[in-house]
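Trainee: Predicted coordinates and the sequence they were generated for:
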Amino acid sequence: MVLSSSFARHTRFLARTVLVRNGEVDEACRVLNRILGSEGLFDQYRRTRRYEKPSQFRRRINYERAKAIYDEDMTRKIQFLMRKNREDPYPGCG
């Protein structure tokens, strides 16, 4: 019973399991750091080390929202330009 409740509390960490192959601990640490960095855990840790004023919190949240909207829009535009089935914009040239 203790194991199941322990796993239930730590299910989100099961996906972050990194295997050490052939005794290469440094490589496994680099992979783990890449995973944790991409999930934003390092940024969250750096933010929570010190108190964040409410005005700074609002500014950061607004910036993150604007950046997410911008990134999504740019990704959509790039995908639109990179699609394969569009017609030639300059027919007869080259």
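Mentor: The structure has been received and is ready for your questions. Note that the coordinates shown come from a computational prediction; the quantities given were computed from them, not determined experimentally.

Trainee: I'd say residue 16 and residue 36 touch.
Mentor: Yes. At 7.3 Å, residue 16 counts as touching residue 36 under the criterion of C-beta atoms under 8 Å. (Glycine included, C-beta is placed from N, CA and C.)

Trainee: So for these two, which residue has more residues nearby?
Mentor: residue 36 (16 against 11; other C-beta atoms under 10 Å).

Trainee: any idea of the pLDDT on that one?
Mentor: pLDDT recorded at residue 36 is 87.

Trainee: repeat for residue 19
Mentor: In this model, residue 19 is scored at 84, pLDDT.

Trainee: and it, what does it touch?
Mentor: The contact partners of residue 19, by C-beta atoms under 8 Å, 6 or more residues apart in numbering, come to residue 28.

Trainee: From residue 25, how far off is it?
Mentor: 11 Å (C-beta to C-beta, to the nearest Å).

Trainee: With residue 31 instead?
Mentor: Look at residue 31 and residue 25: by C-beta to C-beta, they are 11 Å apart.

Trainee: again with residue 74
Mentor: Taking C-beta to C-beta as the measure, residue 74 falls 38 Å from residue 25.

Trainee: burial count for residue 39?
Mentor: Residue 39 has 13 nearby residues by other C-beta under 10 Å.

Trainee: Revised request: answer the last question for residue 18.
Mentor: A count of nearby residues for residue 18, using other C-beta under 10 Å, gives 15.

Trainee: Helix, strand, or coil at it?
Mentor: Following DSSP: H, G, I helix; E, B strand; the rest coil, residue 18 is assigned to coil.

Trainee: Hmm, residue 32 and it touching each other?
Mentor: Yes. Counting by C-beta under 8 Å, residue 32 is a contact partner of residue 18 at 4.6 Å.
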